[in-house]
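Undergrad: 3D, please:
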Amino acid sequence: MVLRGSKIHPPQDVSELKQRIHELEDEIRTIEKEEHETEMDLATMVRHELLQDDPSSAPTQSAISQAQAHINTKLLQSLNALLQRVDALEAEQKEAKNQLTEYNKQYKTTMQQLACGGVAGALARTTVAPIDRIKLIIQTAMGRQEAANTETSIVKTASKIVREGGIKSFWKGNFVNCIRVFPYAAIQFASYERFKHLVSINITERFNREFGFLERLLSGACAGATAATLTYPLDVIRVRQATFNDIKGPIDAVSRIYGESGVHGFFRGWVPTVFSLGPFIACNFATFDYLKATFIKDGNTKNANSLLVLGLGAGAGLFAQSVCYPLDTVRRNMQMPGNNYNGTIDCIAKIASGPKGILGFYRGMIPNAIKIVPNNGIRFLAYTKLTAYLGIPTTKIRKQRKD
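TA: Numbers count the residues shown, from 1 in each chain. Take a look at the predicted model:
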């Protein structure tokens, strides 16, 4: 049988997990059918042996005794074969059921991680929506036609937002942002746990390495690239709606983007996005994971101080944004219409040769840093507390073997 001696290999995604569960259920049904067929074959064989005597032949007592001994021997052999087959089938059935239980558990855990990550991301982003809009307007000033007249200080930009649209305009585009952030954060957290498990199996165990900061970086980079690619069009819509007052809503933004560049318009700046968000998420998750393992006993956040978790998340975000902010500026300007950039390299060159020079890559960094502190802290705090409340197990990391 296929299952005999097999090992459980973690599926790569939810769809593969569901497919594997269905396959295991089919395998269990097949094993049960084989058990029934084996029992029926044995019963048929025994009836044949008992009825094969010819009534008209009048056999001697010796012949009858020999026939009975022969039948008993064959019956004993058949029973032994049946018992061995039943034992084998029961072992395979037990293994299949154990695998089915394991995959059902993995599927439930993945779905819970997605939900917790999505809720944590939406909650954090709604909290910091005002400062995020200020940051976007300052950061993308060079990529808009009214750049020369755009206020670049936090106070003046905030005053202009209130003057033009009132307090509620600080949350303009937040609905679309939450629609984007929910799956974005969900995929980040769930895929980070999955990639940590895969890296632990394929790298740390195979090469007898400690699961350290580099392994966390690799897991975070893979999670970041996955999340950024799947949710990028929603990010383009959100940025366009947040930076242009004449856009009435998400549908209007979609219509304008498609009218300007077609489907390609929804992926403008995708390359710098992957190269900026990938490292950012890698640094962010790796730093928080490393700090958690360092400052929280056994990395268990279930009973950890909430302020400590909040601080670790904020510190991880500040470190990550300091390293990766220039590429974030490039991708934001690439998303703007009418920017006349001929690709990522051209965008980098024009920002560097602009009025602020190299400092142009750090436009809006202060409000972004102010946004990162509560956003990252709230996000990690909400996720860790939600997963602890639901009893979701954390990814177990293999420690280096000491020879």
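Undergrad: What is the helix or strand containing E193 packed up against?
TA: Per DSSP states H and E: E193 is located in helix 174-199. On a contact count with 3 or more C-beta pairs under 8 Å, 6 or more residues apart in numbering; DSSP states H and E, helix 174-199 meets helix 61-127, helix 129-139, helix 213-243, helix 250-261, helix 270-295. Any C-beta I mention is one placed from the backbone N, CA and C, and that applies to glycine too.
Undergrad: swap the cut-off to 7 Å and go again
TA: Helix 174-199 sits against helix 61-127, helix 213-243, with contacts defined as 3 or more C-beta pairs under 7 Å, 6 or more residues apart in numbering; DSSP states H and E.
Undergrad: now the angle from that helix to helix 213-243?
TA: Computed with axes from the mean of the first three to the mean of the last three C-alpha atoms, to 10 degrees, the direction of helix 174-199 lies at 170 degrees from that of helix 213-243.
Undergrad: what is the mean pLDDT for helix 174-199?
TA: Averaging pLDDT along helix 174-199 yields 86.
Undergrad: distance between it and the chain's centre?
TA: 6 Å (C-alpha atoms, centre = their mean, to the nearest Å).
Undergrad: Which of the residues in that helix are classified as buried?
TA: 174, 176-199 (16 or more other C-beta atoms under 10 Å).
Undergrad: what stretches of the stretch 101-250 of the chain score poorly on pLDDT?
TA: 139, 141-152 (pLDDT under 70).
Undergrad: mind running it again at 50?
TA: The model of the stretch 101-250 of the chain has pLDDT under 50 over residues 145-151.
Undergrad: Please give me every residue in contact with the residue nearest in space to the middle of the chain.
TA: The residue lying closest to the centre of the chain (C-alpha atoms, centre = their mean) is S191, at 2.2 Å. S191 is in contact with A223, T226, A227, counting by C-beta atoms under 7 Å, 6 or more residues apart in numbering.
Undergrad: domain ranges for this structure?
TA: According to automatic domain parsing, the chain comprises the domains 14-50+61-101, 113-390.
Undergrad: and N300, how many neighbours?
TA: 13 (other C-beta atoms under 10 Å).
Undergrad: Over to I201?
TA: When neighbours are defined as other C-beta under 10 Å, I201 has 13 of them.
Undergrad: same check, this time on T30
TA: 16.
Undergrad: what's stretch 377-389 in contact with?
TA: Residues outside stretch 377-389 that contact it (C-beta under 7 Å, 6+ apart) are 113, 116-117, 119-121, 123-124, 127, 185, 189, 288, 301-302, 306, 309-311, 313-314.
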